[in-house]
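Colleague: Predicted structure and sequence below. I'll ask about it afterward.
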Amino acid sequence: MSASVNLSGVGPADMCLPEVATTLSTALDNALKQSESDRRAAVVQVVASNPTYLDGWAWLGALGRDAMDSYMAYRVGYHRGLDALRGNGWKGSGYVRWAHLPNRGFLKCLDGLAKTSRLIGDNAEADRCEQFLAQLDPSHKF
């Protein structure tokens, strides 16, 4: 587990998810370089072979065929992200900051979930997600 140390003595330390293997980020980069017609399928292959890869889920959401397709990918990525946070010692409180690169996949999924929830008319879910984002990293504007 990789986490920064909170020296203030007030509140929990920032949560930092572990670094992602270079081979995984390279595979996603290569998938994203595919032609527009092949890109989503290439990202699906990356995620299918690495279903805990949060950036992959975020990209599947971004490449969704419609709002519901994006919503589903973001929701899976969000829940996978919660599992990853808890598996790395997060107890449900404390910051999960954008500045730490491995946290970004989770935060992108949560932000995407907020936006697509709003698109499909689930405003209560969108409000919860937006509030959660503000609590996790109040200094970042999503």
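Modeller: Sure, I can see it. Residues are numbered from 1 along each chain as shown.
Colleague: Can you classify H140 by secondary structure?
Modeller: Following DSSP: H, G, I helix; E, B strand; the rest coil, H140 is assigned to coil.
Colleague: which residue packs closest to it, ignoring adjacent ones?
Modeller: Leaving aside its sequence neighbours, H140 sits nearest to W98 (CB to CB, 6 or more residues apart in numbering; 4.1 Å). Backbone N, C-alpha and C define where each C-beta goes, glycine included.
Colleague: What does the pLDDT read for the one you found?
Modeller: The model reports W98 with a pLDDT of 97.
Colleague: who's in contact with it?
Modeller: W98 sits next to 104, 107, 137, 140 when contact means CB atoms under 8 Å, 6 or more residues apart in numbering.
Colleague: Drop anything exposed from those residues.
Modeller: For the contacts of W98, burial is judged from neighbour counts taken by 16 or more other CB atoms under 10 Å, and it is met by 104, 107, 137.
Colleague: List the residues that contact Q135.
Modeller: Q135 touches nothing, counting by CB under 8 Å, 6+ apart.
Colleague: Give me the secondary structure label for it.
Modeller: Assignment for Q135 (three-state DSSP): helix.
Colleague: Count residues in the vicinity of R80, would you?
Modeller: By other CB atoms under 10 Å, the residues close to R80 number 20.
Colleague: That's all I had, so thanks and see you.
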